[in-house]
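Asks: Fold the following.
(one chain, ligands or ions: 1)
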Amino acid sequence: MHELSIAEALVAAVRRELGALSPAAVRRVRVQVGALRLIEPTALRFCYAGAARENGLTESELILEPVAGRAVCRQCGVEFAIEEAVFLCPRCDSADAQILAGNELNLVGIECVADDAPAVGHSVAPVTASSR
Ligand SMILES: [Zn+2]
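Replies: Next comes the predicted model:
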């Protein structure tokens, strides 16, 4: 299942970012998901919950931030919204367009809480989780 391998890659990326911090301290994991990834959010949350439990991230919640698909036509320069990986320019019908956004699968933030401290935001550099 597509979403299961993504969930496992995300959990592995979170654990790498945590270093010496306990995985049980993780409260929120924010992930940008591009529309072209065709990820089913409900399935991804379900798979993430299982993978998180197995890896000690028992209290963590997955926050998905959708990113709309966009492309720019190389022939006429128009920018347009896309919903699928196969598309034509709406102005000139060219298939020669460059995808600007929509392929994201980035871990963009981890929020942790320590036993005696309020929640702190932990910003991470975007980590790309492979879906294969
Ligand atoms: Zn065009």
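
Asks: The longest helix belonging to the chain packs against which elements?
Replies: Criterion DSSP state H: the longest helix present in the chain is helix 2-18. Helices and strands touching helix 2-18, by 3 or more Cβ pairs under 8 Å, 6 or more residues apart in numbering; DSSP states H and E, are strand 26-34, helix 41-54, strand 105-112, strand 120-128. To be clear about C-beta, it is placed using only N, CA and C from the backbone, and glycine gets the same treatment.

Asks: The ion is nearest to which of those?
Replies: strand 26-34 (21.6 Å; Cβ to the ion).

Asks: which residues touch that closest one?
Replies: When contacts are defined by Cβ atoms under 8 Å, 6 or more residues apart in numbering, strand 26-34 is touched by residues 10, 14, 18, 39, 41, 44, 48, 57, 59-67, 69, 101-113, 119, 126, 129.

Asks: Now residue 60. Nearest residue, chain neighbours left out?
Replies: residue 26 (4.2 Å; Cβ to Cβ, 6 or more residues apart in numbering).

Asks: per-residue pLDDT, residue 124?
Replies: pLDDT, residue 124: 56.

Asks: Oops, could you answer that again for residue 113 instead?
Replies: So, for residue 113, pLDDT stands at 85.
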